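> this is the structure alone, sequence omitted:
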């Protein structure tokens, strides 16, 4: 059996190694148009920022090591220019010599990945306007920084690459501005959770121009002018386009393969395309979202590697299935960590789901053990069934641990209530006896049993004079900041001051994190009041409302810092 693989990075390299482990006699040829194979895309910004100093660390394998260990022929700087399904051949161009030749196959695996989205804007091809996707892109940016010593950069786009690059350029001492049309960074997060990411970025000196559209670039002797719609241009020494990626599927389209969303390759659970003996994996393929079952494009390294393994199994006669992508991801944001899995509230509502949520602010480990830090968790679930839909966490230590537990719970089909039953490890330096994941389960269990009724930030404008707004923090906390119109009675004095709260009116209660207000709600319920707990607490309210004010009022020239 002869297997030809197009693309030698995540999915392609994984498939090649797996095929060899399953079939020692197979002939395996990989064509990769760049100079490098099996490289770590996610590490590229950290090489630019000198966190990774050895460029050799970016590549997990070389053509020579792959041949030595797996007897796989890796032909770098070779571009497949056409696929001929009827003849079971591909046309290949040697980018070093210009030679063009045909290569036959019994099985063909497409792993072309995705290319940086490049809008058709004036000035996109300027020397000071970069993209970051490949090792070559990284070296180009690194060389420019080393030789030209730029003092400022504008990044168009606020996704994973944009944030990671912003951090690394700031660590090099550069003035960094992120510009993008949406009014939030990191679209996998809901706007309220993105507020904490915005705060960290601003606090570390990154300027944010959110809600502004880039219309082009104008090169000047002193740098680049970034042209904005209806706004004055921004000036920078360099620009990096990080506005997303587009499936690289020209070959598939020209070969007549079935295409899906944004031109991605349609595959089944076995990673088979619409053409016999042709498989596809990675960022170029359309997958099913594990939570919604809808078609999705999810460009992450984990799914690509799993898909490569599954395709290899099936190429070698097995029957492996890809169950779908969940979108589990994590990112370092300067001192913070932000992570997400499943779908967010925005996506759930767009899908027509009847959703509910809990927002909590637990400590990363036992409060009495030094060094604990607060994290903010948002867990999304269906109201009627308590089906777990997704989660977002922003914090410091332990964020990755909790998001992975929640990701596993979603994959296992657990309900949100069942989170309370998970037997999770505990020692004071690492967690609390009631782990944050368990705490989310306790809260959702209380909601399911009718013991906890919540109100949310979006409810505040709807509250009328027939509602009592009650802040149960201490007097000093209240003086330091509170929701306008809120009456202050500390929770420990509540029983003695019930006469100050009018009977027959709903009571909307708030505290700093949501715990004291929950206790207050139970006290009030015991005395016949209809009480509702503010989800997330004043800490959450303050972060989100302050962020909204900054985003809505900031001009690009001054930015929202």
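Cool, got the structure. Source: prediction; values computed, not measured.

> let's test this: mean pLDDT of the helix ranked longest in the chain, rounded?
Counting by DSSP state H, the longest helix found in the chain is helix 537-553. Across helix 537-553, pLDDT averages out at 92.

> just how off-centre is it within its chain?
21 Å (Cα atoms, centre = their mean, to the nearest Å).

> same question for stretch 495-512.
So, by Cα atoms, centre = their mean, the centroid of stretch 495-512 is 40 Å from its chain's centroid.

> what's that stretch in contact with?
455, 459, 463, 466-473, 477, 483, 486-487, 489, 491, 517, 520-521, 523-524, 527-534, 537-539, 541 (Cβ atoms under 8 Å, 6 or more residues apart in numbering). C-beta here means a position set from N, CA and C on the backbone, and glycine is covered the same way.

> thinking again about what came up before, what is the longest helix of the chain packed up against?
Helices and strands touching helix 537-553, by 3 or more Cβ pairs under 8 Å, 6 or more residues apart in numbering; DSSP states H and E, are helix 191-203, strand 207-210, strand 507-510.

> hang on, the earlier thing: which PyMOL command selects the buried ones in the contacts of stretch 495-512?
The buried residues among the contacts of stretch 495-512 can be selected in PyMOL (16 or more other Cβ atoms under 10 Å) with this line:
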select buried, resi 455+467+468+469+470+471+472+473+477+483+486+489+491+517+520+521+523+524+529+530+531+532+533+534+537+538+541
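
> tell me which of the contacts of stretch 495-512 fall in strands.
Counting by DSSP state E, the part of the contacts of stretch 495-512 found in strands is 455, 468, 469, 470, 471, 487, 531, 532, 533, 534.

> quick check, nearest of these to residue 432?
Taking Cβ to Cβ as the measure, residue 432 lies nearest residue 533 of those, at 20.5 Å.

> do I have it right that the closest one meets residue 459?
No. If you go by Cβ atoms under 8 Å, residue 533 and residue 459 don't touch, sitting 11.7 Å apart.

> with adjacent residues omitted, what lies nearest to residue 12?
In this structure, residue 12 finds its nearest non-sequential neighbour in residue 111, 3.5 Å apart by Cβ to Cβ, 6 or more residues apart in numbering.

> doesn't residue 285 make contact with the one you found?
No. Applying Cβ under 8 Å as the test, residue 111 and residue 285 come out as separate, 9.1 Å apart.

> the residue of the chain positioned farthest from its centre: what secondary structure?
In the chain, the greatest distance from the average C-alpha position (Cα atoms, centre = their mean) is reached by residue 499, at 48.7 Å. Residue 499 falls in the helix class when you classify it by DSSP: H, G, I helix; E, B strand; the rest coil.

> what distance do you get for it to residue 527?
11 Å (Cβ to Cβ, to the nearest Å).

> where does the residue nearest to residue 12 land on pLDDT?
So residue 111 comes in at 95 (pLDDT).

> next up, the contacts around the closest residue to residue 192 other than its chain neighbours.
Using Cβ to Cβ, 6+ apart and skipping residues adjacent in sequence, the residue nearest residue 192 is residue 544, 4.8 Å away. Contact analysis of residue 544 by Cβ under 8 Å, 6+ apart lists 191, 192, 195, 457.

> most surrounded residue in the residues you listed?
residue 192 (27 neighbours; other Cβ atoms under 10 Å).

> residue 164 and residue 331 touch, don't they?
Yes. The pair residue 164 / residue 331 is scored as a contact, 6.8 Å apart, by Cβ under 8 Å.

> any idea which of the contacts of residue 544 is closest to residue 237?
Looking across the contacts of residue 544 and measuring by Cβ to Cβ, the closest to residue 237 is residue 195, at 29.8 Å.

> buried sites along stretch 209-223?
Quick answer for stretch 209-223 (16+ other Cβ under 10 Å): 209, 210, 211, 212, 214, 215, 216, 217, 223.

> TSV for those residues, including distance to residue 148 and pLDDT?
Shown next, in TSV, are the buried residues of stretch 209-223 (distance: Cβ to Cβ, whole Å; pLDDT from 0 to 100):
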residue	distance to residue 148	pLDDT
209	23	94
210	28	94
211	31	93
212	26	92
214	22	91
215	25	90
216	22	92
217	17	92
223	10	89
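
> tell me the two of those residues that are most distant?
Longest span within these, Cβ to Cβ: 211 and 223, 23.8 Å.

> before we move on, the earlier item: which among the ones in strands among the contacts of stretch 495-512 gets closest to residue 46?
residue 534 (39.1 Å).

> in JSON lines, list the contacts of residue 544 along with pLDDT and distance to residue 290.
Shown next, in JSON lines, are those (pLDDT from 0 to 100; distance: Cβ to Cβ, whole Å):
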{"residue": "191", "pLDDT": "96", "distance to residue 290": "24"}
{"residue": "192", "pLDDT": "97", "distance to residue 290": "24"}
{"residue": "195", "pLDDT": "97", "distance to residue 290": "27"}
{"residue": "457", "pLDDT": "95", "distance to residue 290": "29"}
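
> residue 262: which of these is nearest?
Using Cβ to Cβ, the contacts of residue 544 come closest to residue 262 at residue 191, 23.7 Å.

> what sits closest to the closest one if chain neighbours are left out?
Nearest to residue 191 is residue 184, by Cβ to Cβ, 6+ apart, at 4.9 Å.

> with residue 50 instead?
Nearest non-adjacent residue to residue 50 (Cβ to Cβ, 6+ apart): residue 172, at 7.1 Å.

> what number of residues lie near that neighbour?
15.

> which residues sit in contact with it?
So residue 172 contacts 48, 49, 50, 145 (Cβ under 8 Å, 6+ apart).

> ok, it to residue 94 distance?
Distance from residue 172 to residue 94, by Cβ to Cβ: 37 Å.

> same deal with residue 304?
26 Å.

> now swap in residue 273 and tell me
For residue 273 relative to residue 94 (Cβ to Cβ), the value is 26 Å.

> quick one: which of the two has more around it?
Between residue 273 and residue 94, counted using other Cβ under 10 Å, residue 273 has the larger neighbour count: 23 against 14.

> what values do phi and psi take at that one?
With angles defined as degrees, to the nearest 10, residue 273 sits at phi -80, psi -170.

> tell me who's in contact with it.
Contacts of residue 273 (Cβ under 8 Å, 6+ apart): 110, 252, 257, 258, 265, 266, 267, 279, 280.

> could you pull out the strands for the stretch 251-400 of the chain?
265-266, 278-280, 285-288, 295-296, 329-333, 336-342, 355-360, 376-382, 388-395 (DSSP state E, counting those that start in this stretch).

> neighbours around the closest residue to residue 420 other than its chain neighbours, how many?
Excluding the flanking residues, the one nearest residue 420 by Cβ to Cβ, 6+ apart is residue 441, at 3.1 Å. Residue 441 has 26 neighbouring residues, counting by other Cβ under 10 Å.

> residue 441 contacts residue 419, correct?
Yes. The criterion here is Cβ under 8 Å, and residue 441 meets it with residue 419 at 3.0 Å.

> which stretches of this protein form helices?
10-22, 44-48, 63-70, 135-148, 160-171, 191-203, 250-254, 301-315, 345-350, 399-411, 436-448, 475-480, 515-526, 537-553.

> distance check, residue 231 against residue 212.
6 Å.

> picking up where we left off before, who wins on neighbours among the contacts of residue 172?
residue 48 (23 neighbours).
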